[in-house]
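Undergrad: Need coordinates for the following:
(one chain, ligands or ions: 1)
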Amino acid sequence: MPWFKRVEKGINTPTEEKKETPDGLWFKCPECKTVTSMAEHRKNLNTCVKCNHHDRIGSKEYFAILFDDNKFTEMDEDMTSGDPLHFVDSKPYPERTVATQRKTGLKDAVRTAYGKSGGIDITIACMDFAYIGGSMGSVVGEKIARAIDHARKNRTPFLMISKSGGARMMEAGFSLMQMAKTSAKLALLSEEKLPYISLLTDPTTGGVTASYAMLGDFNIAEPGALIGFAGPRVIKETIGKDLPKGFQSAEFVLEHGFLDFIVNRKELKQRLNDLLGMLATAKPEDEAAAKAKKSVKTS
Ligand SMILES: [Zn+2]
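TA: Just a heads-up that it's a prediction; the model follows:
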C-alpha cells in the first residue's frame, strides 16, 4: 500500500483534541501594515512601533496609564440609561442597552474615577467608544456633571478624555441637554479656579466637540485624532467643495488654533503631571494674593 494513501476516510480528531488558533495574538497597524505581537503592541500602549499610529483604547486602558499603580475609585459605576422616548430603531433601545452592556462589559459610554496621578489628586472622566459609538446620552452627561462636582468639592483638577460620535440618537433632546449641563458645571469649576484639561482622542465629534471637549483650560489631543463637529462627507456635500488634506485631523485643528498641544500617548502621563505640577505651584501665590486682597477690602 502506498504511504500517501489515506487509509481512513474523513477527519477523525475529536473536537476536544483540536488545537485552537489563539485569537488576537497579532496586531496589524491599519496605517503602515506593520505586524507586531499583541503583547508588544500593548506594551507600547497600543501605538504603532513604526509609524506611531494611535490605536483606539478605552477607559480601562487610560485609567491604567494615568492613575498611579492603576489605583482609583470609580464613581456612579452602576448608573444606566432609561428609555424616556420609548425609542425603537432596528431594535428597542432597552434591548440595545442590555446587549451592548453584555458585549462590552460597560454600563454606559463614560467612566468616572478619582485617584492620584504622579502623586497629584485628580478626577478623570473617560469615554468609551465601544459603547454605542461613545454617544453622549443622559448617563454620560450626568456622570460627567457629578465628576466635576467631585473635583470641586475635593479641589482636584479635572481631566476629560473624549472619544465620541456625538449625541445619542436614542435619547434625542435629552442628549442635547447634556451639552448645557456639562458646560454649566465646567463654568462652576472655572469659577473656583480649578484646572480643566480636555484630552481629545480619535474620534471626537458632534455634540461632544460642541460642548465639554472644547472648553478645557488646556485642550490637548492625541496625534492623528479625528476632531470635528460634522463629518467631512456632510461638510463636503453642504459646501460643494473639496476639503483640504488632513482636514479635521488633530494636527490640522492645532494649526488652526483650536488645540494647545498634541501629546503622544507614551508621554501623556508625564506631560499631564508636569502641567498640573506647574498649575499647582502657581496656586499658593494666587491664594495668598486673594487673601491679601480680601483683608485689604475688609479693613
Ligand atoms: Zn503603523
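Undergrad: all helices in the stretch 1-150 of the chain, in order from the N-terminus.
TA: 38-43, 59-66, 93-104, 138-154 (DSSP state H, counting those that start in this stretch).
Undergrad: Alpha carbons only: can I get the second one in CSV?
TA: The C-alpha trace of helix 59-66 is given here as CSV (Å, rounded to 0.1, in the frame of the first residue of the first chain):
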residue,chain,number,x,y,z
SER,A,59,-11.3,53.9,29.8
LYS,A,60,-9.8,50.7,31.3
GLU,A,61,-6.5,51.4,29.4
TYR,A,62,-6.5,55.2,30.0
PHE,A,63,-7.0,54.6,33.8
ALA,A,64,-4.2,52.1,33.8
ILE,A,65,-1.9,54.6,32.0
LEU,A,66,-2.8,57.6,34.2
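Undergrad: Could I get the helices of the stretch 1-150 of the chain in TSV, plus columns for distance to Leu25 and mean pLDDT?
TA: Yep, even glycine has a C-beta here, placed from its N, CA and C like the rest. Listed next are those as TSV, based on distance: least, Cβ to Cβ, whole Å; pLDDT from 0 to 100:
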stretch	distance to Leu25	mean pLDDT
helix 38-43	6	93
helix 59-66	18	97
helix 93-104	22	96
helix 138-154	34	98
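Undergrad: so which of these is the most packed in?
TA: Comparing the helices of the stretch 1-150 of the chain by mean neighbour count (mean count of other Cβ atoms under 10 Å), helix 138-154 comes out on top with a mean of 21.
Undergrad: Kindly spell out which helices and strands sit in contact with it.
TA: strand 72-75, strand 110-117, strand 120-127, strand 158-164, helix 172-191 (3 or more Cβ pairs under 8 Å, 6 or more residues apart in numbering; DSSP states H and E).
Undergrad: Columns mean neighbour count, distance to the ion and mean pLDDT on top of these, output as a markdown table?
TA: Converted to a markdown table, the helices and strands packed on helix 138-154 look like this (neighbours: other Cβ atoms under 10 Å; distance: least, Cβ to the ion, whole Å; pLDDT from 0 to 100):
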| stretch | mean neighbour count | distance to the ion | mean pLDDT |
| --- | --- | --- | --- |
| strand 72-75 | 16 | 30 | 98 |
| strand 110-117 | 23 | 28 | 98 |
| strand 120-127 | 24 | 24 | 98 |
| strand 158-164 | 27 | 20 | 98 |
| helix 172-191 | 16 | 34 | 96 |
